[in-house]
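S.K.: Just need the structure, nothing else, for what follows:
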Amino acid sequence: MVDRELGEFDIEYKPRIAIKAQVLADFLAEYTYPEPEGLPKEEPKPWILQVDGSTTRKASGAGLVLTSPKGQRLSYALRFEFKAINNEVEYEALVVGLDLAKAVGANDVLAKSDSQLVVGQVLGEYTMKEEIMQKYLDKVKAQIAKLQSFSIVRIPREENIEADYLSKLAMAKEGAIPPNAPVRYLELPSIFAMDVQIQAIDYSNSWTGPIVDYITNGTLPDDNIKARQLKIRAAKYLMMGDVLYRRSFSLPYLRCLTMPESTRAMEEVHQGVCGDHQGGRMLSYKLLRLGYYWPSMQKDCNSMVQKCEKCQRFANIIHASPTVLTPMKGPWPFAQWGIDLIGPLPMAAGQVQHAIVAVDYFTKWVEAKALATITAEVTIDFLWKFIISRFGLPRVVVTDRGKQFDNAQLKEYCISKGIHVHYASKAHPKANGQVEVTNRTIKKGIKKRLREAKGAWPDELYNVLWAYRTTPRTATGETPYSLAFGAEAVVPIEVNLLNYRTVSTDPQENQEDLRAELDLLEETRETSMAKLALYQQRMVKYHEAQVRPRDFRAGDLVLRKVDPTGKKVGKLGPNWEGPYQVLHHIKAGAYRLATLRGKELPNSWNAEHLKKYYK
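M.R.: Prediction:
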């Protein structure tokens, strides 16, 4: 349509030639209009700072809200770790608010407070009567001098709701404060804080270096992929003065720390004046709440807590087993015995206060004797009269490191008889668990038989032993008596209240049945062995579910429980001592240890009493 309307004209189109400089200058001169004079310049909008303080008999806090000219808001709840009256907390909120305004680059500030006293004193309308109020006023005036313009007005409490809410939030109990609440803790009044000269932070050799260079100078790596990654990463950061901050989900801004600064912060928060040696996760969480950040803070906090000397020595006792259960089996009846002591028990006639107990690992047969003294001679006498003379020489005797067992006299006697003595690790009764379990059963039986006369326990000891020998054991499914002698014992109730076995007994047939039982005894014992193996498998499976493996190698440094050593450290003493060096692994979680000077400890120690030492 345009071509049809313009076609009647003789129009010729030519390419545009270069415009001369003079022609361009004439055009600009002709069409450039001067700005009108006398129009007022637009005044810069101030930052709005709203503050409020609150105090009770138990706590005090303050709230502040800083709003930029563009409507961006920063909110803080201040929790004071010191006692302060209401006027002091109002001043504290104003002081911290002015510090925050200066940190974010605000030069024009309008402060709003519902405290008539603070507003009046800052404006010079009220006179000072207290020295501490004068110090606060001097602090505020020093901060105002750093701003280009400042004004303060008093507003009704109804218009200061948000700051008032933050001040109430700061005074809540620790558990009631939301995890993402912007709470800042002040340990000392601001008027007592030391003046610190702020120096430029060297970011060149830190993780923050590339981010700072990009934000300040726009510097990017030559690699396109790394440059893109840096742009995405730097979007979460900003510079306030010479300090790098990170935008946060839990607080408005987190100060980014270099490695030396992060180490100092961790040490101060973990073991400083207000530190309580909390765990790694809580330490990192507390640093975030205080307004600090670096990329590896959780890993670094865990590592620091792990290496903390006091945390290691006062750590909780580990109750979980460090190794899998290793069941012990007797190869044949009366070949392997476990020996241990019960006591001290209530004093009985003849100064009897202990009992020595021996259990056969195969048949579960138990022997015991009440003792007045505990010596090597008494142990040897028991071994001869109650085991060797009745059941023959055993192949192995398992016992603990008590002096009555771990002595040269008993060792020489056993060597002369061809008996191998296996000692459990120090303070590790599980290694001799068979006799430990039997000891508990015997003590329970004695307790239930005694009344007021607790000293009569030696008289009840053999009644308990008889009951134990004639009761089927869960592990084997048979009584110790039947596995030892091939037939069930006749108990007194069968004589007093006749049953089929005692009524229909034929002496001739009974002798033949007893001989047949002896011939079949081997099969019965093999069946019991199979049942015992299944029972031990169930125990191992149950035990493995509770195992927390702790393996050590030669040269490792470990700490040892204090309690098994017998040292008296009191209720406030450490739970662990050391460190010691692992010399070598013996077997089944037992280790030989030495001091750091190379002196070997006299006994082996099970991993149950050890934990790794970090330095």
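S.K.: Any figure for the gap between residue 256 and residue 209?
M.R.: Counting by C-beta to C-beta, to the nearest Å, the gap between residue 256 and residue 209 amounts to 11 Å. Just so you know, the C-beta spots here come from the backbone N, C-alpha and C atoms, and that holds for glycine as well.
S.K.: Same check on residue 418?
M.R.: Going from residue 418 to residue 209 by C-beta to C-beta gives 75 Å.
S.K.: tell me, how many neighbours does residue 161 end up with?
M.R.: 11 (other C-beta atoms under 10 Å).
S.K.: what's the answer for residue 597, then?
M.R.: The number of residues packed near residue 597 is 6, by other C-beta under 10 Å.
S.K.: Check the one 4 residues further on too.
M.R.: By the measure other C-beta under 10 Å, the count of residues near residue 601 is 16.
S.K.: got a pLDDT number for it?
M.R.: What the model reports as pLDDT for residue 601 is 86.
S.K.: what's the closest non-adjacent residue to it?
M.R.: Nearest non-adjacent residue to residue 601, counting by C-beta to C-beta, 6 or more residues apart in numbering: residue 593, 4.7 Å away.
S.K.: Sort out which residues of the helix or strand hosting that neighbour are buried, please.
M.R.: Following DSSP states H and E, one finds residue 593 within strand 590-594. Across strand 590-594, burial judged by 16 or more other C-beta atoms under 10 Å covers 590-593.
S.K.: Let me see the mean pLDDT of the next helix or strand after that strand.
M.R.: Heading C-terminal from strand 590-594, the first helix or strand you meet, by DSSP H and E, is strand 605-606. Averaging pLDDT along strand 605-606 yields 82.
S.K.: which residues touch the helix or strand following strand 605-606?
M.R.: Once the chain leaves strand 605-606, the next helix or strand it forms, by DSSP H and E, is strand 610-612. When contacts are defined by C-beta atoms under 8 Å, 6 or more residues apart in numbering, strand 610-612 is touched by residues 312, 315, 318, 322, 550, 552, 556-561, 576, 591.
S.K.: among the residues you listed, who's most crowded?
M.R.: Greatest neighbour count in the contacts of strand 610-612, by other C-beta under 10 Å, goes to residue 591: 25 neighbours.
S.K.: hey, what's it bridged with?
M.R.: For residue 591, the beta-bridge partners are residue 585, residue 605 (DSSP bridges).
S.K.: Next one: it from residue 286, what distance?
M.R.: For residue 591, the distance to residue 286 (C-beta to C-beta) stands at 37 Å.
S.K.: What of residue 265?
M.R.: Distance from residue 265 to residue 286, counting by C-beta to C-beta: 10 Å.
S.K.: And residue 400, by the same measure?
M.R.: To residue 286, residue 400 is 46 Å away according to C-beta to C-beta.
S.K.: mind listing the strands in the stretch 51-200 of the chain by residue range?
M.R.: For the stretch 51-200 of the chain, the strands defined by DSSP state E, counting those that start in this stretch occupy 60-67, 73-80, 108-113, 149-154, 183-186.
S.K.: so of these, which one's packed in deepest?
M.R.: Greatest average neighbour count among these goes to strand 60-67 (a mean of 25), per mean count of other C-beta atoms under 10 Å.
S.K.: Run through the neighbouring helices and strands of it.
M.R.: Strand 60-67 sits against strand 47-55, strand 73-80, helix 86-103, helix 161-170, with contacts defined as 3 or more C-beta pairs under 8 Å, 6 or more residues apart in numbering; DSSP states H and E.
S.K.: In terms of mean pLDDT, which of the strands of the stretch 51-200 of the chain ranks lowest?
M.R.: When the strands of the stretch 51-200 of the chain are ranked by mean pLDDT, strand 183-186 comes last with a mean of 72.
S.K.: Run through the neighbouring helices and strands of that strand.
M.R.: Packing partners of strand 183-186 (3+ C-beta pairs under 8 Å, 6+ apart): strand 73-80, helix 86-103, helix 280-290.
S.K.: Paired strands for it, with orientation please.
M.R.: Applying DSSP bridges, strand 183-186 is found paired with strand 73-80 (parallel).
S.K.: which residues are contacting the partner strand?
M.R.: Applying C-beta under 8 Å, 6+ apart, the contact partners of strand 73-80 are 59-67, 89, 92-93, 96, 100, 104, 162, 166-167, 169-171, 181-186, 252-253.
S.K.: ok, 6 Å please
M.R.: Strand 73-80 is contacted by residues 60-67, 96, 166, 169-170, 182-186, 252 when judged by C-beta atoms under 6 Å, 6 or more residues apart in numbering.
S.K.: In space, what's closest to the residue nearest the centre of the chain - neighbours in sequence excluded?
M.R.: Central residue of the chain (C-alpha atoms, centre = their mean): residue 279, 5.0 Å from the mean position. Sequence neighbours aside, residue 305 is the residue nearest to residue 279 in space, at 5.9 Å (criterion: C-beta to C-beta, 6+ apart).
S.K.: Residue 576 too?
M.R.: residue 559 (4.0 Å).
S.K.: What pLDDT does the model give that neighbour?
M.R.: If you check residue 559, the pLDDT there is 90.
S.K.: Thanks a lot, see you next time.
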